[in-house]
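>>> Make a model of this:
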Amino acid sequence: MARSRLLLTAFTSVSSLALAGAGLAGPAWAAAGHRTAGLGAAGQGKACSAGAHTLSPPGAHVYPDTGNGGYTSVHTDVHLVYDATANTFLPGNHVALTDRATQCLTSFSLDFERKSANTADGPDMTVNSVTVNGHPAAFTFVQPTYPGDPNGQDDPNPLAHEVSQNNPVGGPQNNPLPPACSPELPNTDAAADSQNGQQCPANKLVITPKSPIRDGSVFTVKVSYTGRPGVHNDGDGTTEGWFRASDGGFVTTEPVATEDWMPLNDHPTAKATYDFYDTVGAGKTAVANGVLESVTRHAPNAEFPGGSATWHWHSRARVASYLVENSVGNYSLTSRVASDGIRYYQAQDTSISAAQQQKNLAIMNQQQDITDFESQFNGRFPFTSDGIIIGTPEASFEEEMQTMITFAGGQIDLDTLYHENMHQWWGDNVSESGYNMTFFKEGMATLGEYLLAARTAETQAGGPGTPAGQKAFRDSLIAQFNKTYARAGSFWTAAPSDPTPYGLFDSAPTYQRPGAAYIALWQILGTARFTKALQQIQRHYGGGNITESQLEAGFRHWLPSKSAGCEARLSQFFTQWFDTAYPSGGGTNRPSITGPGLAGPGFYNSSCPA
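Purely as a prediction, here's the structure:
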């Protein structure tokens, strides 16, 4: 995230691809789903219980309410029936989620913010029915409880269901418990501790099937719902989600607002494959993740008097919850298969002026070149498609929606495209394990911006492969590090790995500080070893998630010297750059370990010789 005529091709059937992407063969999936019906706890060796209503660890204070336990997400079919003029989901609108139980479940939950205090732009949706494996299931909405509550997730104590930025809640009652959810601030001017002690909204959709779901079985949940999708108010007062456009909706959702237009397991570690079947009025275009499989035209009916079309997009790759894209409107959509074998999509809202569309197109046309350039460092592009969609709503950020990068406000810029395209590897293919790891992928995307500046310097100095060009490339990165390292004031006062919801997307700890740390690691390891580290991390964790210790181990593996002194010094480096909050001022109040050739004391010394 950066917080600032249709070309159709024949494709093969997606059913087998979706199953393969989930690690299941077609017949096995179907059989496993069938076997779940009517199974109880008998003979399983374990007592059945409710799935956890969060995937956050105890003590978490950044969106601790998100995610749901007791199962893993496998595949999701999204069936939108959407009236773009009225901005309304119509009858027939539903999602079908295929999940695999990791315990015997008497009930389980999804995240769905069907209503919001933001009555103007927030969602206003109604769940009409829920089925599990085709059988009607009971459902209700409950408040989240703070993770690890020893009294259970239905704790009768109101203090267990309160809002806060921090742990403990504090607030007017001096609540000593951890927060159960993050604030939904009405604007960015609100104080960071506002709403402390208020009650969390009931955004947990708890589903109880007719009989328990057996541990290890695969089951399908269908949730039918109608109404108006909308945006989520975040802990920093910004909004994301389903932005209303004059011609439909524009979707950009980090960190949690996918649940403001569809029910799902809303956590970065919940990565499923997807098929989208968007039925919209004739003349409208639906744009989602992956590749466009087909567009099926329909005759007029009561809901769509002018006729309609169903747009089928398929993502064989697993998509983290906050990266699910599904915009609908008057978009001009083109695609081409480039010389690198990747299909590139370009979509712009047709209400953007012709002159601005041409300016946008000049930048959009550079995406293949950017992808090929970034592949030199990250390894092969991880997906079969890449794309850009430019919408008109004035969202407060651009986002790395997987294979379909979103730009708001009707325009695009080159720096941000380098940033968001870098995310396709970092954040999309290798996703964060939790919100405290947001810095890991935003820092890597910030490095993508620094690589643009270095590449420009290289070209001006003589070009790639020339000694002068290579020196200019290296000098550009060093200058960027030194500029960052010289920052004073409050720049170093927040630890990247310990954000608050209010500061989750602050530039210094989330973007610039980890971006500079990656330059220092580049200098410590050397270009060849740094590149190998990036590519090995992509191979090992691609399609999944990474923790901070795993990230650090990925770089430690390529440390030139494996002496005890060097190992200890690298551990200190990570602690200083990622985990330490310093007093204000800079100078000695900042990391004391940098890298060879950089401002500061460097890395190698008597205890760790080069």
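
>>> do you know how far the residue sitting nearest the centre point of the chain is from H232?
In the chain, the residue lying closest to the centroid (CA atoms, centre = their mean) is Y322, at 3.7 Å. Look at Y322 and H232: by CB to CB, to the nearest Å, they are 11 Å apart. For glycine as for every other residue, the C-beta is placed from the backbone atoms N, C-alpha and C.

>>> Need the overlap of contacts for the two.
Residues touching both Y322 and H232 by CB atoms under 8 Å, 6 or more residues apart in numbering: T253, V256, A257.

>>> my guess is the last one meets H232, correct?
Yes. Under the criterion of CB atoms under 8 Å, A257 is in contact with H232, at a separation of 3.7 Å.

>>> Quick check: neighbours shared by these two?
Shared contacts of A257 and H232, defined by CB under 8 Å, 6+ apart, are found at E113, T239, E240, G241.

>>> Just grab the bridge partners of the last one for me.
Taking DSSP bridges, one finds V231, T252 as the beta-bridge partners of G241.

>>> Provide a list of residues in contact with the closest residue to D124 other than its chain neighbours.
Setting aside the residues directly before and after it, D124 is nearest to R228 in space (CB to CB, 6 or more residues apart in numbering), at 4.6 Å. Contacts of R228 were listed using CB under 8 Å, 6+ apart, and they are N87, T88, F89, P123, D124, M125.

>>> Among those, the buried ones, what's the PyMOL command?
Buried residues within these, by 16 or more other CB atoms under 10 Å, are selected in PyMOL with:
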select buried, resi 87+88+89+123+125
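
>>> Now V319. Nearest residue, chain neighbours left out?
Per CB to CB, 6+ apart, closest to V319 is Q402, 5.0 Å.

>>> Please apply the same query to H61.
Nearest to H61 is N167, by CB to CB, 6+ apart, at 4.4 Å.

>>> Assess the claim that L521 and G595 are in contact.
Yes. With contact defined as CB under 8 Å, L521 and G595 form a contacting pair (7.2 Å).

>>> Look up how far P123 lies from the closest residue to A257 other than its chain neighbours.
Distances taken as CB to CB, 6+ apart place G241 nearest to A257, at 3.3 Å, with adjacent residues excluded. In this view, G241 and P123 are 8 Å apart by CB to CB.

>>> any shared contact partners between those two?
P229, G230, V231, D260, W261.

>>> What is the nearest of these to S563?
Each of the shared contacts of G241 and P123 was checked against S563 using CB to CB; the closest is D260, at 51.5 Å.

>>> Now do the SS call for the closest residue to Y435 other than its chain neighbours.
Distance criterion CB to CB, 6+ apart; nearest residue to Y435, sequence neighbours excluded, is V62 at 4.1 Å. At V62 the chain is in coil, as set by DSSP: H, G, I helix; E, B strand; the rest coil.

>>> Over to G565?
With three-state DSSP as the criterion, G565 reads helix.

>>> and it, what does it touch?
Contacts of G565 (CB under 8 Å, 6+ apart): S607, C608.

>>> That one and A553: what is the separation?
From G565 across to A553, the span is 18 Å (CB to CB).

>>> Can you convert the shared contacts of G241 and P123 into a markdown table and add a column each for distance to S584 and pLDDT?
Shown next, in a markdown table, are the shared contacts of G241 and P123 (distance: CB to CB, whole Å; pLDDT from 0 to 100):
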| residue | distance to S584 | pLDDT |
| --- | --- | --- |
| P229 | 42 | 98 |
| G230 | 39 | 98 |
| V231 | 34 | 98 |
| D260 | 37 | 98 |
| W261 | 41 | 98 |
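
>>> Would you write out the PyMOL command that picks the buried residues out of those residues?
Those of these that count as buried under 16+ other CB under 10 Å are selected in PyMOL with:
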select buried, resi 229+230+231+260+261
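
>>> Between the shared contacts of G241 and P123, which sits nearest T119?
G230 (9.4 Å).

>>> and the closest one, what is it in contact with?
Here G230 is in contact with S116, N118, D121, G122, P123, D124, G241, W242, R244, D260, W261 (CB under 8 Å, 6+ apart).

>>> so the fourth one touches P229, yeah?
No. Counting by CB under 8 Å, G122 sits too far from P229 to count as a contact (9.4 Å).

>>> what's the overlap in contacts for the two?
Common neighbours of G122 and P229 (CB under 8 Å, 6+ apart) are D260.

>>> Could you check how far P514 is from W426?
P514 is 11 Å from W426, by CB to CB.

>>> Need the residues touching each of these two.
Joint contacts of P514 and W426 (CB under 8 Å, 6+ apart) are F440, M444.

>>> residues in contact with P514?
F439, F440, E442, G443, M444, T446, P496, W577, F578.

>>> do you know how far it is from W522?
Relative to W522, and taking CB to CB, P514 is found at 13 Å.

>>> Check A445 too.
Taking CB to CB, one finds A445 at 15 Å from W522.

>>> now do K471
K471 sits 15 Å away from W522, taking CB to CB as the criterion.

>>> More neighbours: which of the two?
Counted by other CB atoms under 10 Å, K471 and W522 do not tie: W522 has more neighbours, with 24 against 14.

>>> quick one, phi/psi of that one?
Backbone torsions for W522, taken as degrees, to the nearest 10, come to phi -60, psi -50.

>>> on that earlier part again, looking at the shared contacts of A257 and H232, which one is closest to Q538?
Looking across the shared contacts of A257 and H232 and measuring by CB to CB, the closest to Q538 is E240, at 26.8 Å.

>>> what's the pLDDT at the closest one?
Predicted confidence (pLDDT) for E240: 97.

>>> Break down the stretch 401-550 of the chain into its helices, ranges please.
All helices of the stretch 401-550 of the chain, identified by DSSP state H, counting those that start in this stretch, fall at 414-423, 438-461, 467-485, 507, 513-525, 527-541, 548-556.

>>> Next, the buried residues of the first one.
Of the residues in helix 414-423, those scored as buried under the neighbour-count criterion (16+ other CB under 10 Å) are T416, L417, Y418, H419, E420, N421, M422, H423.

>>> Reformat the residues you listed as TSV; add pLDDT.
Shown next, in TSV, are the buried residues of helix 414-423 (pLDDT from 0 to 100):
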residue	pLDDT
T416	98
L417	98
Y418	98
H419	98
E420	98
N421	98
M422	98
H423	98
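
>>> Does D77 belong to a helix, a strand or coil?
Three-state call for D77 (three-state DSSP): strand.

>>> Now do the same contact list for it.
Here D77 is in contact with V95, A96, L97, T98, Y274, D275, Y277 (CB under 8 Å, 6+ apart).

>>> ok, the residue nearest to V319 to F383 distance?
7 Å.

>>> So for these two, which residue has more residues nearby?
Per other CB under 10 Å, whichever of Q402 and F383 has more neighbours is Q402, with 31 against 22.

>>> Just to check, T102 is in contact with Y71?
Yes. Counting by CB under 8 Å, Y71 is a contact partner of T102 at 5.8 Å.

>>> And these two? Which one has more around it.
Y71 (25 against 13).

>>> what pairs with that one across the strands?
A101.

>>> Sticking with V328, tell me its helix or strand.
strand 326-329 (DSSP states H and E).

>>> just checking, what packs against that strand?
Using 3 or more CB pairs under 8 Å, 6 or more residues apart in numbering; DSSP states H and E, the elements in contact with strand 326-329 are strand 71-83, strand 248-252, strand 271-281, strand 285-288.

>>> Could I get the average pLDDT for that strand?
98.

>>> What are the buried residues along the very next helix or strand once past that strand?
Sequence-wise, the next helix or strand downstream of strand 326-329 (DSSP H and E) is strand 331-337. Residues of strand 331-337 classed as buried: Y331, L333, S335 (neighbour count, 16+ other CB under 10 Å).

>>> these two touch, right, the second one and K284?
Spelled out, that is L333. No. Taking contacts as CB under 8 Å, L333 lies outside contact range of K284: 10.9 Å.
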